[in-house]
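> Provided below for reference: sequence and predicted model.
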2 protein chains.
Amino acid sequence: MVGLRINGRIWLEAQDRFFGIGRMELLEGIQRTGSINQAAKAMKMSYKRAWELVHSMNTQADAPLVSTQTGGEKGGGAVVTEEGLKYLTYYRGLQERFQQFLAEENKKVPA
Amino acid sequence: MVGLRINGRIWLEAQDRFFGIGRMELLEGIQRTGSINQAAKAMKMSYKRAWELVHSMNTQADAPLVSTQTGGEKGGGAVVTEEGLKYLTYYRGLQERFQQFLAEENKKVPA
DNA sequence: GGTCGTTATATTTGGTCGGAAATAACGATA
DNA sequence: TATCGTTATTTCCGACCAAATATAACGACC
């Protein structure tokens, strides 16, 4: 079994999974660019998919994680809400502890 | 964020080789029933899919995890090899520690 | 009013995945 | 030799998913 790595994924869920590393990275992209469109391009994700992710985040969480605006200066845009920031910061910590766990486990892989 | 659960998946990998909870449960089924066919039925999985999983496990690991026999008493069967047992026992421990991690994290979910 | 870039949404298209079914091979056993 | 239940493998088909495409709405700004 030597040479094997341990890997995994971790997410937050209510009834079905709805916030994992993918959504978090999308949120980070929106925070950085101020636009769903640009965040999607940066992740090489289709706008449609990105929008669907944002939509599901907004409808499934207690409060929207992303606030959007159509039209206006620069055609519109999107910003991460306070609630979104809460998720971002919490998930970052969780992810870090998980990576720590994975690193520990990787030391224990038997020969 | 109250009411959210933390969940995840964890697996072993080496470039393309991988071994996760699904394969482990299939292995357990084979160990219990002595047959790919019956293990698949118990998991409500098609024989084809189960066979493909077994095949990939056998070809991707250093040594086969499942030994199969066609024909003979009861038409044939399958048994988990020593190597398979090694994976089973190791993954069980890993999975248990991961569940422990998840349980700990679930206590820390902020309001 | 026209342009711009974005959000918002429906429709179509294409590729992949898995299930179903069919078939063969196998070896014990009667 | 015929039967049996399993492994082994191929072919076909439908379902699902995601990408691509198309279109509309919006509001600032010129």
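Yes, it's here. Numbers count the residues shown, from 1 in each chain, chains lettered A, B, ... in the order given.
> ok, the residue nearest to A:Phe101 when sequence neighbours are not counted - how many residues close by?
Nearest non-adjacent residue to A:Phe101, counting by CB to CB, 6 or more residues apart in numbering or on different chains: B:Phe101, 5.1 Å away. C-beta here means a position set from N, CA and C on the backbone, and glycine is covered the same way. A total of 22 residues lie near B:Phe101 under the criterion other CB atoms under 10 Å in any protein chain shown.
> what about B:Phe101, which SS state?
Secondary structure, DSSP: H, G, I helix; E, B strand; the rest coil: B:Phe101 is helix.
> Kindly tell me how buried the closest residue to DNA strand C within chain A is, as a neighbour count.
Here the residue of chain A nearest DNA strand C is A:Gly75; by CB to the nearest atom of the strand that distance is 2.3 Å. The tally of other residues near A:Gly75 (other CB under 10 Å) stands at 10.
> name the helices or strands packed onto the strand or helix carrying A:Asn58?
In the assignment (DSSP states H and E), A:Asn58 maps to helix A:47-60. Contacts defined by 3 or more CB pairs under 8 Å, 6 or more residues apart in numbering or on different chains; DSSP states H and E place helix A:47-60 against strand A:17-19, helix A:21-33, helix A:36-42, strand A:66-70.
> okay, the ones you listed in CSV with mean neighbour count next?
CSV is the format used below for the helices and strands packed on helix A:47-60 (neighbours: other CB atoms under 10 Å in any protein chain shown):
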stretch, mean neighbour count
strand A:17-19, 18
helix A:21-33, 18
helix A:36-42, 19
strand A:66-70, 15
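> so which of those comes closest to DNA strand D?
strand A:66-70 (4.5 Å).
> and the angle from the next helix or strand after that closest one to helix A:47-60?
Using DSSP H and E, the helix or strand that directly follows strand A:66-70 along the chain is strand A:76-80. Between the axes of strand A:76-80 and helix A:47-60, defined by axes from the mean of the first three to the mean of the last three CA atoms, to 10 degrees, the angle is 50 degrees.
> for strand A:76-80, what is the average pLDDT?
The predicted model assigns strand A:76-80 a mean pLDDT of 95.
> and the angle for that strand with helix A:21-33?
Going by the same axes, to 10 degrees, strand A:76-80 makes 120 degrees with helix A:21-33.
> can the helices and strands packed on helix A:47-60 go into CSV with extra columns for mean pLDDT?
What follows is the helices and strands packed on helix A:47-60, written out as CSV (pLDDT from 0 to 100):
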stretch, mean pLDDT
strand A:17-19, 79
helix A:21-33, 96
helix A:36-42, 95
strand A:66-70, 96
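> CSV for the ones you listed, including distance to A:Met1?
Output for these, formatted as CSV (distance: least, CB to CB, whole Å):
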stretch, distance to A:Met1
strand A:17-19, 29
helix A:21-33, 26
helix A:36-42, 38
strand A:66-70, 43
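> Same list (the ones you listed) but as CSV, adding distance to DNA strand D.
Shown next, in CSV, are the helices and strands packed on helix A:47-60 (distance: least, CB to the nearest atom of the strand, whole Å):
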stretch, distance to DNA strand D
strand A:17-19, 12
helix A:21-33, 10
helix A:36-42, 9
strand A:66-70, 4
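> Good, wrapping up.
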